[in-house]
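Peer 1: dropping a prediction and its sequence here:
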Amino acid sequence: MIEAVGLTKRYGDKTAVYNLSFQVRPGAVTGFLGPNGSGKSTTMRMILGLDNPTSGQVTIGGYPYRRLPNAPRQVGALLDAKAVHGGRSARNHLLSLAQLSGIPARRVDEVLGVVGLQDVAGRRSNGFSLGMGQRLGIAAALLGDPQVLLFDEPVNGLDPEGILWVRNLMKALAAEGRTVFVSSHLMSEMALTADHLIVIGRGQLLSDMSVRDFIAANSAGFARVRTPDTEPQLREKLSAALTEAGGHVLPEQDGGLRVTGLPLPRISDLAHDTGVRLWELSPHQASLEEAYMRMTQGVVDYRSSTDEKAGLMQPLPPGAQPPVPVPGQGQPGWYAPPPPQQSGQAFAMPAPHGGRPPAANPYAAPGAPGATPPNPYAQPASAAPQTPAQPPQQPQQAAPEAPAAPGTPPAPADLTKPEDVR
Ligand SMILES: Nc1ncnc2c1ncn2[C@@H]1O[C@H](COP(=O)(O)OP(=O)(O)OP(=O)(O)O)[C@@H](O)[C@H]1O
């Protein structure tokens, strides 16, 4: 298990991570989500002992990474797939990592098979595509057959087939009881891959809950209402009536209205009472991506001047509490409109899926003939040191469920640059 308690990292005036507390449990894929610059990589670097926290601490199986016995056999990480010696072949790159960590050379061919690079193992990695580089980075992370795995944006540069493969690999690793912590800024991808989500914005914890709970809490239903395009005054009239009745109305780009807080029959009645004809009145489900954008919209550092999310943003209403400011960072000026449940049940919507495709043959790297099992992990269990008894620390956020098991760390040293070297 990975456990962060009050983790804070400042770079001069810049607060990259602020008072972050969470647990990453074994036997599950935990997605680590946040907009660009929100502190995901910094957090991962602190987990791996590559950056020192300004305050707080983070442990793996009860130990700070640097004190973990035989860390490369315990923890595997993909931080920067480009951090390889480009003049070396894929096999030699992995062999050098294996030698440094006392990992048997035969393991190199095993992981090359797992990631589907066995046919190009003798090629120099500087000729690799982005996707091949990602696969090589994943192979390096798996080298020590670790119980704890960290992946920073592992699907970057992968084609759809590669993305599916990574997704299934993550799930399979978790199904084996490993701790799998994977960062992404794509909610849609994490919804398909992760069991649990930790969402941060500007270095602060925004959400720590299971995917199922996230869906239940955030995939709110809304009504789409459209009045005749030829009579814009009707739209205004209806909008005013719906707002007066307690609805929350957001204009949509095509001229429709997105309404929460009112059931469909009530919207229909109000339209009738105000003499507004409707061209459309339909129930909809907000996507998880939208829920994520609502959650993080106030904590996005980099935004296009024609940001599509702009339509979701609402000025802070009177009396509403803005997000807690992070020292060293700007004050967000926007808030996320609450999902309809909070302002009165709009209308019952069936809970969205939550179901993820079963992890079928996760090790079968696409295009990798013969890369299917024999289970490449079927090694004598590496002498994973017994993790010390965890002090019963209480997570700050209610984090429903999750099994408990020992953790193990990795971190091929050449995939990342130590803080003092930067
Ligand atoms: N070495 C450093 N010196 C100064 N500031 C840094 C350093 N490393 C990170 N930061 C800043 O800390 C913040 C968090 O960066 P970080 O790379 O951890 O975010 P991220 O969530 O991983 O972003 P992305 O999704 O874009 O990779 C950013 O504002 C970044 O500019």
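Peer 2: Yep, that arrived. In this text, all values refer to a predicted model and were calculated from it rather than measured experimentally.

Peer 1: distance of residue 155 from the ligand?
Peer 2: 13 Å (CB to the nearest ligand atom, to the nearest Å). Where you see a C-beta, it was placed from the backbone N, CA and C, and this is true even at glycine.

Peer 1: in a helix, that's where that residue is, yeah?
Peer 2: No - assignment of residue 155 by DSSP: H, G, I helix; E, B strand; the rest coil gives coil, placing it outside any helix.

Peer 1: could you report the neighbour count for it?
Peer 2: 22 (other CB atoms under 10 Å).

Peer 1: report pLDDT for it.
Peer 2: For residue 155, the model assigns a pLDDT of 88.

Peer 1: for it, what are its contacts?
Peer 2: Contacts for residue 155 (CB atoms under 8 Å, 6 or more residues apart in numbering) come out as 134, 162, 163, 166, 167, 184, 186, 189.

Peer 1: got a markdown table for the residues you listed, with secondary structure and neighbour count too?
Peer 2: Shown next, in a markdown table, are the contacts of residue 155 (DSSP: H, G, I helix; E, B strand; the rest coil; neighbours: other CB atoms under 10 Å):
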| residue | secondary structure | neighbour count |
| --- | --- | --- |
| 134 | helix | 24 |
| 162 | helix | 23 |
| 163 | helix | 19 |
| 166 | helix | 26 |
| 167 | helix | 24 |
| 184 | strand | 22 |
| 186 | coil | 17 |
| 189 | helix | 20 |
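
Peer 1: so which of the residues you listed is the closest to residue 232?
Peer 2: Taking CB to CB as the measure, residue 232 lies nearest residue 186 of the contacts of residue 155, at 36.5 Å.

Peer 1: so which bits of the stretch 151-300 of the chain are right by the ligand?
Peer 2: Neighbours of the ligand within the stretch 151-300 of the chain, by CB under 6 Å from any ligand atom: residue 185.

Peer 1: mind listing the helices for the stretch 151-300 of the chain?
Peer 2: 160-175, 187-193, 211-218, 232-244, 264-273, 288-296 (DSSP state H, counting those that start in this stretch).

Peer 1: kindly reformat these as TSV containing mean pLDDT and distance to residue 145.
Peer 2: Shown next, in TSV, are the helices of the stretch 151-300 of the chain (pLDDT from 0 to 100; distance: least, CB to CB, whole Å):
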stretch	mean pLDDT	distance to residue 145
helix 160-175	93	10
helix 187-193	88	21
helix 211-218	78	27
helix 232-244	95	58
helix 264-273	97	54
helix 288-296	78	33
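
Peer 1: list the beta-bridge partners for residue 57.
Peer 2: residue 5 (DSSP bridges).

Peer 1: run a quick neighbour tally on it.
Peer 2: 12.

Peer 1: distance of the closest residue to residue 238 other than its chain neighbours relative to residue 206?
Peer 2: Leaving aside its sequence neighbours, residue 238 sits nearest to residue 276 (CB to CB, 6 or more residues apart in numbering; 4.4 Å). Distance, residue 276 to residue 206, by CB to CB, to the nearest Å: 38 Å.

Peer 1: kindly report the same for residue 159.
Peer 2: With CB to CB as the criterion, residue 159 and residue 206 are 31 Å apart.

Peer 1: who has more neighbours, those two?
Peer 2: residue 206 (21 against 13).

Peer 1: list the beta-bridge partners for the closest residue to that one other than its chain neighbours.
Peer 2: Closest residue to residue 206 apart from its sequence neighbours, by CB to CB, 6+ apart: residue 199 at 4.5 Å. For residue 199, the beta-bridge partners are residue 33, residue 207 (DSSP bridges).

Peer 1: thought residue 199 was touching residue 217?
Peer 2: No - here residue 199 does not reach residue 217: they are 11.5 Å apart, not a contact under CB atoms under 8 Å.
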